[in-house]
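quick one, structure for this:
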Amino acid sequence: MLETLSCPSCGKKLIPRAGHIVAASSFESCLRQCTICGIAFSNASKRPTAIYKTIEQNVYLSTKDGIREVLGRAVNVRNRKNKLEKFAFQTSEDAVTWSVFRYLQNEDKLCQLLGLLGPLQQGPTELYLWGISTQPPYLPVVNGLSILETSKELGEKPDSITEPDVIIRSAASVIFIEVKLHSANQTTQDERKLLKYISKGKEYFRNTEKALESRHYELVRNWVVGNMIAGHCRFTLLNLGPSVLFVDKNSERLKQFVESLDAIEGKREFRCLSWETLIDDQTLFDKDIRKYLQLRLELKTGAR
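Sure thing, here's the model as predicted:
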């Protein structure tokens, strides 16, 4: 028996509808719905997740333009449907990624963000989310190179290519950002997956054995792909997440990953940045988006 909950927007009592209790995958499949506000709760008896009727409801107000165009073109074709489905969940990492970086782009603060990584940069910047430009005509071309062509060079499957969460292109730099909200950095025990990238990007590693031992699959992929796309430009791979991400059970493996890199100051670097550091910067966000971000950082990964 599901508990009666209240709509977080209007306060209406959400009495569970009659029906078979299954894991919710959308607003429509939730048994506790506020049809007026378009907010529902998943069918979990403990820690239910809020799910919105539309994906636009789950992003910061000023960042709605272009969501569907970008999501519909995300370069990892195989994951598009899942990404779109999960985007309406209040715990969605992708919704937070979209809101934060589109906000910074709209407020012309991407260069200010990059200033946290080094000397303050000036000039125009381009933003790509999940491999696609956030501006029409929404193409997967960064620094004059197609992500799709780079993927083909690496021998990736056409429907399952490396999809950086965020790419920022400035006048002299290419920055890849691997974003984490509540999940850990992805690791793998399958050495073949790691070798596929390490073997093609040996020049970017000081110690390939340590790269293998690190098991950090996502970071290895992004390090190789990012360096290939950056070419002669400065490249930075940034791991953005809550501060606990950098001291979790994989922290020793993360240290191995860092030690494996042929990082050269001013040429190619790996950096870690916490959400807490961003929130503490009073000049980067206004109070409304800071509230949006803080709420989602406090949410635990709910059940469906």
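
from here on, contacts and neighbour counts on C-alpha atoms
Will do.

tell me the SS of K46?
Assigned with DSSP: H, G, I helix; E, B strand; the rest coil, K46 falls in the coil class.

gap between it and L139?
42 Å (C-alpha to C-alpha, to the nearest Å).

N207 now?
Looking at N207 against L139, where the rule is C-alpha to C-alpha, the gap reads 35 Å.

one more: I177?
18 Å.

these two: which is more packed in?
Neighbour count, other C-alpha atoms under 10 Å: between I177 and L139, I177 has more, with 23 against 18.

do I have it right that the more buried one meets E163?
No - the pair I177 / E163 is not scored as a contact, 10.5 Å apart, by C-alpha atoms under 8 Å.

isn't I15 right up against L5?
Yes - using C-alpha under 8 Å, I15 is in contact with L5, at 7.0 Å.

overlap in contacts, these two.
R32 (C-alpha atoms under 8 Å, 6 or more residues apart in numbering).

okay, and K196 sits in which element?
helix 191-198 (DSSP states H and E).

next: L254.
According to DSSP H and E, L254 maps onto helix 251-260.

what packs against that helix?
On a contact count with 3 or more C-alpha pairs under 8 Å, 6 or more residues apart in numbering; DSSP states H and E, helix 251-260 meets helix 208-214.

in contact with F285, which residues?
F285 neighbours (C-alpha under 8 Å, 6+ apart): 104, 279.

in what helix or strand does it lie?
With DSSP H and E as criterion, F285 is part of no helix or strand.

any idea how far it is from N239?
Relative to N239, F285 is positioned 20 Å away (C-alpha to C-alpha).

how about K152?
With distances taken as C-alpha to C-alpha, K152 is found 25 Å from N239.

so which of these two has more stuff around it?
Taking other C-alpha under 10 Å, K152 and N239 do not tie; N239 has more neighbours (20 against 13).
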